[in-house]
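*Asks:* Dropping the sequence and predicted coords here.
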Amino acid sequence: MTQETVQKVRIRNAAGLHARPCHQIVTTARQFESDLFVSTDGSEVNGKSILELMTLCAPCESWISFRARGADSDVLVARLAALVEAGFHESD
């Protein structure tokens, strides 16, 4: 049976889910074997596709869900959740 991990997080960076955060999500996700799906407001996209992620247009304070399926899904989701909670390091 394939492992699946899901976590919901609130976007904290002022600009929301724009090109740079989408790039960070894809770059992180591609380091893992697991499939990744990202969703908000009823729309779910492939989390390893920057073009699909950009269609979500999730603003600051909105909630997104990471759903990963595979052997390393728990580590992938934890890493992405930490990235979102850190505001994608945009204020560093």
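*Replies:* Structure's in. What do you need?

*Asks:* drop to CA atoms for contacts and neighbour counts, all remaining ones
*Replies:* Noted.

*Asks:* Quickly find the element holding F37.
*Replies:* Using DSSP states H and E, F37 falls within strand 35-40.

*Asks:* Can you list the strands that that strand pairs with?
*Replies:* If you go by DSSP bridges, strand 35-40 pairs up with strand 43-46 (antiparallel), strand 63-69 (antiparallel).

*Asks:* what's the distance between the longest one and the middle of its chain?
*Replies:* Spelled out, it's strand 63-69. Distance of strand 63-69 from the chain centroid (Cα atoms, centre = their mean, to the nearest Å) equals 6 Å.

*Asks:* Enumerate the positions of that strand that are buried.
*Replies:* For strand 63-69, a neighbour-count test (16 or more other Cα atoms under 10 Å) marks I64, S65, F66, R67, A68, R69 as buried.

*Asks:* Find the nearest non-adjacent residue to R67, please.
*Replies:* Using Cα to Cα, 6 or more residues apart in numbering and skipping the chain neighbours, the partner closest in space to R67 is V6 (4.4 Å).

*Asks:* before we move on, what about I64?
*Replies:* Using Cα to Cα, 6+ apart, the nearest residue to I64 is T40, at 4.8 Å.

*Asks:* circling back: double-check that the residue nearest to R67 belongs to a strand.
*Replies:* Yes - judged by DSSP: H, G, I helix; E, B strand; the rest coil, V6 forms part of a strand.

*Asks:* my guess is it contacts I64, does it?
*Replies:* No - using Cα atoms under 8 Å, V6 is not in contact with I64, being 10.5 Å away.

*Asks:* if I look at the nearest residue to R10 once chain neighbours are set aside, how far off is V75?
*Replies:* Nearest residue to R10, sequence neighbours excluded (Cα to Cα, 6+ apart): W63, at 4.4 Å. Using Cα to Cα, to the nearest Å, one gets 20 Å for the distance from W63 to V75.

*Asks:* Assumed L53 was part of a strand.
*Replies:* No - counting by three-state DSSP, L53 is not part of a strand but helix.

*Asks:* Now for it: which residues touch it?
*Replies:* Neighbour list for L53: C22, V38, V45, N46, G47 [criterion: Cα atoms under 8 Å, 6 or more residues apart in numbering].
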